[in-house]
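Q: sequence? don't have it. structure:
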């Protein structure tokens with residue numbers, strides 16, 4: 001992943017794993033057993049001068065089945081070690097901090113009103129493509145942020161590289177920052 005000059009192998013691997021896990025894997029093609037064609041032999045075995053064929057469902061025929069196509073059971077998830085994930089998040093947050101994208105606020109008193117959250121984000125100049133990291137997502141916080149375009153609220157334990165790199169502003173509460181710092185095991 002490349003955004004504003006941020007390219008590291010760890011962050012790229014983490015972002016690729018996130019995108020792969022989001023794939024639905026629902027593509028499906030019909031095999032020769034599933035194609036809706038006649039089961040009759042197209043022509044007799046001998047005497048025509050043509051090659052012998054037993055079925056028009058054969059994969060080499062037009063309209064026939066697919067030999068090794070997708071079945072809909074594919075799993076695209078990629079395994080990523082916890083150490084690599086921590087390193088990638090650490091690098092993404094460092095790059096975001098260097099680009100002055102990170103802000104830390106005391107706490108958000110969410111009453112469920114969108115206007116109050118919008119005023120708070122405007123006050124800290126985080127209005128476009130905001131990632132709001134809170135200690136715990138409450139129903140009031142979800143309701144307040146639901147109608148704000150390009151604002152994503154994430155609990156501290158679910159912070160990921162993909163969201164950090166794609167956000168123009170990353171806003172942490174003190175509780176969320178403490179939880180992320182503890183999970184990353186550093187300063």
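A: Nice, I can see it. Being a predicted model, the structure only gives us computed values, none of them experimental.

Q: residues contacting the residue nearest to residue 75 when sequence neighbours are not counted?
A: Spatially, and ignoring its direct neighbours in sequence, residue 75 is nearest to residue 25 (6.6 Å; Cβ to Cβ, 6 or more residues apart in numbering). Heads up, the C-betas are built off the backbone N, CA and C, glycines and all. Contacts for residue 25 (Cβ atoms under 8 Å, 6 or more residues apart in numbering) come out as 70, 72-76.

Q: Let me have the residues you listed in a markdown table, extended by secondary structure, distance to residue 88 and neighbour count.
A: Shown next, in a markdown table, are the contacts of residue 25 (DSSP: H, G, I helix; E, B strand; the rest coil; distance: Cβ to Cβ, whole Å; neighbours: other Cβ atoms under 10 Å):
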| residue | secondary structure | distance to residue 88 | neighbour count |
| --- | --- | --- | --- |
| 70 | coil | 30 | 12 |
| 72 | coil | 31 | 11 |
| 73 | coil | 29 | 8 |
| 74 | coil | 25 | 12 |
| 75 | coil | 22 | 9 |
| 76 | coil | 19 | 12 |
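
Q: Between those residues, which sits nearest residue 108?
A: residue 76 (35.6 Å; Cβ to Cβ).

Q: State the distance from the closest one to residue 36.
A: 29 Å (Cβ to Cβ, to the nearest Å).

Q: hmm, back to that, Throw the contacts of residue 25 into TSV and include distance to residue 61, thanks.
A: Formatted as TSV, those follow (distance: Cβ to Cβ, whole Å):
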residue	distance to residue 61
70	20
72	23
73	26
74	26
75	31
76	31
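
Q: Just send these back as a markdown table, with pLDDT and distance to residue 130 too.
A: A markdown table is the format used below for the contacts of residue 25 (pLDDT from 0 to 100; distance: Cβ to Cβ, whole Å):
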| residue | pLDDT | distance to residue 130 |
| --- | --- | --- |
| 70 | 93 | 37 |
| 72 | 89 | 37 |
| 73 | 90 | 38 |
| 74 | 89 | 34 |
| 75 | 89 | 33 |
| 76 | 89 | 29 |
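
Q: quick one: which of these is nearest residue 53?
A: In terms of Cβ to Cβ, no member of the contacts of residue 25 lies closer to residue 53 than residue 70, at 26.3 Å.

Q: Leaving out sequence neighbours, find the closest residue to the closest one.
A: Counting by Cβ to Cβ, 6+ apart, the residue nearest residue 70 is residue 27, at 4.2 Å.

Q: Correct me if wrong: that neighbour contacts residue 73.
A: No: with contact defined as Cβ atoms under 8 Å, residue 27 does not reach residue 73; the gap is 10.4 Å.
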